[in-house]
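Chemist: any chance you can model this:
(2 chains)
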Number of protein chains: 2
Amino acid sequence: MKIESVDFFYLSMPEVTTEADGSQDALLVRVSAGGYVGWGECEASPLTSIAGFLCPMSHGVCRPVRDSVLGKPLDSPADIARIAAEVEYNSMDLLQAAHTFSGVEMALWDVLGKAKDTPVWRLLGYSASHKKTPYASQLFGATPEETLRGARKARRDNFRAVKFGWGPIGRGSVQDDKDHLQAAREGLGPDGILLVDVGQIWGEDVAAAEARLPALEASGAIWLEEPFHASALEAYGQLAKLSLKVKIAGGEGAHNVSMARHLIDYGGIGFVQIDCGRIGGIGPAKAVADYAVERGITYVNHTFTSHLALSASLQPFAGLADHRICEFPFAPKALARDITANFLQRDTMGEIAAPDAPGLGIAIDMRALQKYLVDVEIKVAGRVLYATPELA
Amino acid sequence: MKIESVDFFYLSMPEVTTEADGSQDALLVRVSAGGYVGWGECEASPLTSIAGFLCPMSHGVCRPVRDSVLGKPLDSPADIARIAAEVEYNSMDLLQAAHTFSGVEMALWDVLGKAKDTPVWRLLGYSASHKKTPYASQLFGATPEETLRGARKARRDNFRAVKFGWGPIGRGSVQDDKDHLQAAREGLGPDGILLVDVGQIWGEDVAAAEARLPALEASGAIWLEEPFHASALEAYGQLAKLSLKVKIAGGEGAHNVSMARHLIDYGGIGFVQIDCGRIGGIGPAKAVADYAVERGITYVNHTFTSHLALSASLQPFAGLADHRICEFPFAPKALARDITANFLQRDTMGEIAAPDAPGLGIAIDMRALQKYLVDVEIKVAGRVLYATPELA
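Modeler: Predicted coordinates:
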């Protein structure tokens, strides 16, 4: 097969707010090759990622992502790896390229799986798709009472594991944070799995993070996620040495395999969290999963949007039975629910698995897209480089 | 002062080729505040960087760069640092943000220097702008003879130091590379300073780089630049241990201070090369220069475009007398020469210094821009978010 076309669909909720909810917009990517159609999803900033695909070339290693994709052969996982290597080299000076390519790469796997009538996780070399324990990912409440209610609701909804993140945490006093953590534990009950995400709130301030460790330990949290800037390896490494019970988690900001490896080796994290929509897609995410196994730490997906993104994010560690916990968009905006025609259903135990279906196993609801489709036109030197595609 | 406006000017040569020449296009940034006008330059991919400035918000930490800049106070270096921190946090999920903000940040310093009637290097805390020895940055020839001629021409043009890069190097055999290195040395003469840039050609392949070390040593090259992918810290670290005479140089790919620090601490580089148009501007570059001093390694600018970018790139280490070598665009495209009304002139010794003039000390030739200005229009949901500004 040859890659015949790549189309971007910028979708958005009617209103986008400053809350840390990544499901307020989406950039879907459709790839056609050999009569098959595959889908992927970029994370985030649709307009910027579209520009990274089709911008005019600046020079030999600042080329648009398009140049390394369109017309290329697509018959095996090796072809996808080769395209990825070309993007990395040809677009080395185009910073956004990794985010742009991530959605394209997912769609390439989806096409390849459909063409070979096999799930992507098999193409990655796994022989089974193991059950995962999804955690309900939600924001901390504005008050401890709200956090308590969120935790109880998650348990009622059959989630044993819950991640609380962002909101007030890290912004007030150590005691404020303690109150939220206690409320979360109370709501989850003693057997609930509690995960905590502070969204880079402390920059590189190790002492601020350290001050919260006693409360985190007392709450029985399994991990503390993203205490620092994604690149603050030194701060990660210092905190990891100080935190004996609560492991440090991070990695969603990695836009290549090296960055994730560095968080493991220099940052001392115990959980590496990869967003397939940022790291360059499924292939690099699988490389990180392999490395996590080698280093004896746990791989986790990072997913806050649609079930297309969720399926893509499960593939890289579908075959790793011991890497059990997975992020699950608990309360996404309507957009993220509406755009797929099917979902990864939780079983009676509340667990999910990457679909045993060709490709990513997720169908797009084309009619649902209409409502969210953002009309975009990019014109350069009199030529229309991008216009929102017709839904057909 | 308040930041009143930020305008982007996308400039391009009529033809852009795949050669590794970063001067084929440019993205100028004009900032107005308190009646002053400052200029900066982003590196690279103008369309993508423009999109990063004005894209619709995706969520609270994927905001357009604009949101952290427009209307903010600008009265001191601390204000610039605060804006930079806001961009870093508010746009943490917008990968292109660092490149977009780089040009804006330079312009903020230019405005501030003009308002305070003082050079940017004084605002950075330096008391003098020391002379630098510019190296003529050029591509390796297609043949060793061409490389020889390039080296001789640079000496005739009063450049004692020359950097050869890209082209055939690393693509053929070890002997091919040796022939080029010998030709370069022959052309420079025994007292010429030879620097070698291989543009990430070996990915993470330490053995391929190691195989070239004897020829590099024999040629008396001072440094080997970017042997690997910008994030391949492990490969850098291994090669640094193997290369006792030829120091490793790198850092142009750093899009934040941490990345540069890691190349120093984990990668073992001896020269850290910072592009102010990528790392987030002059402030973070100064932080890297401070760190280089602390670690006893040498700071060097990375500049391949206009004298506006050159002046900006000299500011962060203008006051470091011992960090003497600097990159100098030797044969840029006409665009890079035409857009500034003045230049950093070399003295009779062939040396340059950051200007002793308010701000960056470089004036833009507004009439010259016309010829290179690329007409762009970005329309989202019926609203024009960007249209190439009028030249006035």
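Chemist: quick check: A:V300 vs chain B, distance?
Modeler: Taking CB to the nearest CB, to the nearest Å as the measure, A:V300 and chain B are separated by 18 Å. Every C-beta, even on glycine, is put in place using the N, C-alpha and C of the backbone.
Chemist: in three-state terms, label that residue for me.
Modeler: Secondary structure for A:V300, judged by DSSP: H, G, I helix; E, B strand; the rest coil, is strand.
Chemist: I'd guessed it sits against A:G270; true?
Modeler: No: in terms of CB atoms under 8 Å, A:V300 does not count as a neighbour of A:G270; the distance is 10.2 Å.
Chemist: so between the two, which is more surrounded?
Modeler: When neighbours are counted by other CB atoms under 10 Å in any protein chain shown, A:V300 comes out ahead of the other of A:V300 and A:G270, with 28 against 19.
Chemist: picking that back up, overlap of the contact sets of A:V300 and A:G270?
Modeler: With contacts taken as CB atoms under 8 Å, 6 or more residues apart in numbering or on different chains, A:V300 and A:G270 have A:A249 as neighbours in common.
Chemist: ok now stretch A:22-29, how far from the chain's centre?
Modeler: Here the centre of mass of C-alpha atoms in stretch A:22-29, compared against the chain's by CA atoms, centre = their mean, to the nearest Å, lies 11 Å away.
Chemist: can you pull the contacts of whichever residue of the stretch 101-250 of chain A sits closest to chain B?
Modeler: When distances are taken as CB to the nearest CB, the stretch 101-250 of chain A reaches nearest to chain B at A:S231, 3.7 Å away. By CB under 8 Å, 6+ apart, the contact set of A:S231 is A:253, A:259, B:256, B:258-259, B:262.
Chemist: in helices, which of those residues fall?
Modeler: Residues of the contacts of A:S231 located in helices (DSSP state H): A:259, B:258-259, B:262.
Chemist: just put these in JSON lines and tack on pLDDT and neighbour count.
Modeler: What follows is those, written out as JSON lines (pLDDT from 0 to 100; neighbours: other CB atoms under 10 Å in any protein chain shown):
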{"residue": "A:M259", "pLDDT": "96", "neighbour count": "24"}
{"residue": "B:S258", "pLDDT": "96", "neighbour count": "21"}
{"residue": "B:M259", "pLDDT": "96", "neighbour count": "24"}
{"residue": "B:H262", "pLDDT": "97", "neighbour count": "23"}
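Chemist: out of those residues, which one sits closest to B:S68?
Modeler: If you rank the ones in helices among the contacts of A:S231 by distance to B:S68 using CB to CB, B:S258 comes first, at 19.2 Å.
Chemist: show me what contacts the closest one?
Modeler: By CB under 8 Å, 6+ apart, B:S258 lies in contact with A:229, A:231-234.
Chemist: domain ranges for chain A?
Modeler: According to the domain assignment given by automatic domain parsing, chain A is divided into the following structural domains: A:3-119+A:365-387, A:123-338.
Chemist: B:K116 is nearest to which of those?
Modeler: For the domains of chain A, distance to B:K116 was read as CB to CB. The smallest value, 28.4 Å, belongs to domain A:123-338.
Chemist: gap between that closest one and the chain center?
Modeler: Domain A:123-338 has its average C-alpha position 11 Å from the chain's average C-alpha position, going by CA atoms, centre = their mean.
Chemist: how long is that domain end to end?
Modeler: Distances were taken as CA to CA, to the nearest Å; on that basis the terminal residues of domain A:123-338 are 28 Å apart.
Chemist: now swap in stretch A:296-305 and tell me
Modeler: Start to finish, the residues bounding stretch A:296-305 are 28 Å apart (CA to CA).
Chemist: would you mark the buried spots in that stretch?
Modeler: Residues of stretch A:296-305 classed as buried: A:297-305 (neighbour count, 16 or more other CB atoms under 10 Å in any protein chain shown).
Chemist: which residues make contact with it from outside it?
Modeler: By CB under 8 Å, 6+ apart, stretch A:296-305 touches A:21-23, A:26, A:41, A:43, A:137, A:249, A:251-252, A:264, A:269-277, A:288-289, A:292-293, A:309-310, A:313-314, A:316-317, A:320, A:322-323, A:325-329, A:332, A:336.
Chemist: can you select the buried ones among these for me in ChimeraX?
Modeler: Restricted to buried positions by 16+ other CB under 10 Å, the ChimeraX selection for the contacts of stretch A:296-305 reads:
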select /A:21,22,23,26,41,43,137,249,251,252,264,269,270,271,272,273,274,275,276,277,288,289,292,309,310,313,314,316,317,320,323,325,326,327,328,329,332,336
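Chemist: ok, back up a step: so can I have a markdown table of the domains of chain A showing distance to B:S129?
Modeler: Output for the domains of chain A, formatted as a markdown table (distance: least, CB to CB, whole Å):
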| stretch | distance to B:S129 |
| --- | --- |
| domain A:3-119+A:365-387 | 29 |
| domain A:123-338 | 31 |
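Chemist: for B:H302, see how far away A:G192 is.
Modeler: Relative to B:H302, A:G192 is positioned 51 Å away (criterion: CB to CB, to the nearest Å).
Chemist: now A:E252, nearest residue through space, not along the chain?
Modeler: Sequence neighbours aside, A:H302 is the residue nearest to A:E252 in space, at 4.1 Å (criterion: CB to CB, 6 or more residues apart in numbering or on different chains).
Chemist: check what pLDDT that neighbour gets.
Modeler: A:H302 carries a pLDDT score of 96 in this model.
Chemist: need phi/psi at it.
Modeler: The main-chain torsion angles of A:H302 are listed as degrees, to the nearest 10 and equal phi -120, psi 110.
Chemist: what ranges do the strands span in the stretch 51-200 of chain A?
Modeler: A:133-139, A:161-165, A:193-197 (DSSP state E, counting those that start in this stretch).
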